[in-house]
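A.B. asks: I'll drop the sequence and a predicted model, then ask my questions.
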Amino acid sequence: MKDFSVGIVGLGYWGPNVLRNIIDVDRSKNIYCYDIDQSKLDKNKKRFPSIKLAGSYDDIINNDDINCVFICTPPATHYQLARDALFSGKNILIEKPITVSTREAEELIEISRKKSLKLMVGHTFEYSPAVEKIREIIEDGIVGDVYFVLMTRINLGIHRKDVSVIWDLATHDFSILFRLIDGMPEKISAVSNSFVKKGLKDVAFINLKYSNGIIVNINVSWLSPKKIRETIIIGSKKMLVYDDTKSDEKIKIFDKGVDLLKDPDSFGEYQLTYRTGDIMSPVLEATEPLRIEVNHFFDCISDDTKPKTDGYCGLKVVRALEAAERSSEEDGKVIIIGDGN
């Protein structure tokens, strides 16, 4: 049964992917689309003839037939568009980041709570079968105690005009990190620079520390000859590498590590023993993460359940982004943002 009439605003870079998945999951009786650029509407109408074109955003939020809205516009527009939709009684899925400030995110959360509406954030990587598998591996104790995490997200472009590389790319890594490691980090520091266009940071190195001792390094950049989407997790038992650029074997678990053993021949002294064992690669579901995300949003509305990436999830990421941006503007100053709980 097709239970939903959907509104989608923004058909630029990401919007058409969302639209394609809304159509593919086949749970919507009507799909209304709006973009300020008429050519984008015409292009998508030609590709997806079944969609209906709206003359304005007001036409979407004032349409009583529509019960949910997907917001796929630039981050600076998220707050007002989402606020208007919520006050119009619409459940919303808003692309990352939820807003460009914690104050705005907190207000949207409060409005959605008072109106009993779903507020979900498009942290697509949190719906990736690979990320879910890594979370399972960590929870099952396979890697042991997590020591540190290295995350790299670099490529040549695309240089955004509206946000820094921190707000563009690190959003993904923060959302993945917070899915894998419970709680907020205690401290964040970052250094960055604007090499191509003055005032627009295109390279950043971000460091985080949790109160339990876990440390994290995130490198994001629009200036690299090679595209890298890699997360390395070092634990007390095993080591894990997640390479999102690979079509298969995205996750590899290495039975490698260092053991500190007491030397029986030397009283009170210890020796290091380096361990090298097998490499395992778990089988992963091949479903597109965005399709899982869209289906989950519809399920949350139908079943009245809490979205996995709800407003509070989005708020955590924005808090980290604000702290990283502030630190980078203050020459790497350490920012205290939480207690790790």
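C.D. replies: That came through fine.
A.B. asks: what sits against the nearest residue to Gly7 once chain neighbours are set aside?
C.D. replies: Counting by Cβ to Cβ, 6 or more residues apart in numbering, the nearest residue to Gly7 once its immediate chain neighbours are dropped is Ile60, at 3.8 Å. In short, each C-beta sits where N, CA and C put it, glycine included. Applying Cβ atoms under 8 Å, 6 or more residues apart in numbering to Ile60 gives the contacts 7, 9, 32, 34, 54, 66, 69.
A.B. asks: ok, those residues vs Leu117, which is closest?
C.D. replies: Distance to Leu117, by Cβ to Cβ, is smallest for Val69 among the contacts of Ile60, at 10.3 Å.
A.B. asks: helices or strands up against the longest helix along the chain?
C.D. replies: Assignment by DSSP state H gives helix 311-329 as the longest helix of the chain. Here helix 311-329 touches helix 102-114, strand 119-122, helix 171-180, strand 187-193, strand 203-209, strand 335-336, going by 3 or more Cβ pairs under 8 Å, 6 or more residues apart in numbering; DSSP states H and E.
A.B. asks: 7 Å instead?
C.D. replies: Packing partners of helix 311-329 (3 or more Cβ pairs under 7 Å, 6 or more residues apart in numbering; DSSP states H and E): helix 102-114, strand 119-122, helix 171-180, strand 187-193, strand 335-336.
A.B. asks: pLDDT of the longest one, averaged?
C.D. replies: Across helix 102-114, the average pLDDT comes to 98.
A.B. asks: follow-up on the earlier one: per-residue pLDDT of the residue nearest to Gly7, please?
C.D. replies: For Ile60, the predicted pLDDT is 97.
A.B. asks: for it, helix, strand, or coil?
C.D. replies: Using DSSP: H, G, I helix; E, B strand; the rest coil, the structure places Ile60 in helix.
A.B. asks: ok, now how distant is it from Lys187?
C.D. replies: 42 Å (Cβ to Cβ, to the nearest Å).
A.B. asks: mind listing what's buried in the longest helix of the chain?
C.D. replies: With burial defined by 16 or more other Cβ atoms under 10 Å, the residues of helix 311-329 counted as buried are 311, 313-325, 327-328.
A.B. asks: just stretch 170-185 next, same as before
C.D. replies: 170-181, 184-185.
A.B. asks: repeat for stretch 249-266
C.D. replies: Buried, per 16+ other Cβ under 10 Å, within stretch 249-266: 250-251, 253-254, 257.
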